[in-house]
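Engineer: what follows is a protein structure lacking sequence information:
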């Protein structure tokens, strides 16, 4: 009798161990660290109730491992209609394989007491190779006003060897109406110049040189209107997604004496 009980106990243990190993074998493990996790450099577009309010806004997102089949996604310094909403952090986003690519979904509750802004964020992401596309559907409520915000992000995974320098090296306006060439103040992020007080137009075309591998918006060689104290904002994005913003404007006018 005792031997029978012993054999029965051993049989139960062997079945339990076998079942546990089977479950482990069936568990989905994705190559998140090797293929998916990292910093992505790209841009985002924002629409409000179907109307575009921002496009090609340079941003980085970070995707990190949360589990064997889940990821975290972080978008820092998110701004919407002049409101700084801080960081959008989606955690434990379920990951699924879709052919040679991956998809993930996630949710976050939005609650920014500073602006009396609440809402729900539903995210859907698609990762293919080193490319990522993330759709954020935000059901926002600003006080009693309900609005549908759509954010679409597209980015490319960084290798880690990219330069972080985002700098305007030179800013030249080849126009006789400009009597003092632009001066760049790196610390203040300003570019100021002076024009002839009798200038017929304050529309100029700056020629700009920036850090190697960086991009600038608006681009070099594009005419800008500096009349009526208008300020033009230039955004430089480094290879690694580091952003530097400059503001260019006419500091003043000068009288120019002419001699025969």
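Structural biologist: Ah, there it is. Since the model is a prediction, treat every value here as computed from it, not as a measurement.
Engineer: name the helices or strands packed onto the helix or strand that contains residue 126?
Structural biologist: Under the criterion of DSSP states H and E, residue 126 resides in strand 117-128. Packing partners of strand 117-128 (3 or more Cβ pairs under 8 Å, 6 or more residues apart in numbering; DSSP states H and E): strand 88-98, strand 101-112, strand 131-142. The way it works is simple: take the backbone N, C-alpha and C, and place the C-beta from them, glycine included.
Engineer: tabulate these (CSV), appending distance to residue 57 and mean neighbour count.
Structural biologist: Output for these, formatted as CSV (distance: least, Cβ to Cβ, whole Å; neighbours: other Cβ atoms under 10 Å):
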stretch, distance to residue 57, mean neighbour count
strand 88-98, 14, 16
strand 101-112, 18, 16
strand 131-142, 13, 18
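Engineer: what would these look like in a markdown table with distance to residue 241 and mean pLDDT?
Structural biologist: As requested, the helices and strands packed on strand 117-128 are exported to a markdown table (distance: least, Cβ to Cβ, whole Å; pLDDT from 0 to 100):
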| stretch | distance to residue 241 | mean pLDDT |
| --- | --- | --- |
| strand 88-98 | 16 | 91 |
| strand 101-112 | 21 | 89 |
| strand 131-142 | 13 | 92 |
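Engineer: dump those strands to TSV, plus distance to residue 124.
Structural biologist: Formatted as TSV, these follow (distance: least, Cβ to Cβ, whole Å):
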stretch	distance to residue 124
strand 88-98	9
strand 101-112	6
strand 131-142	5
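Engineer: out of those, nearest to residue 186?
Structural biologist: strand 88-98 (30.3 Å; Cβ to Cβ).
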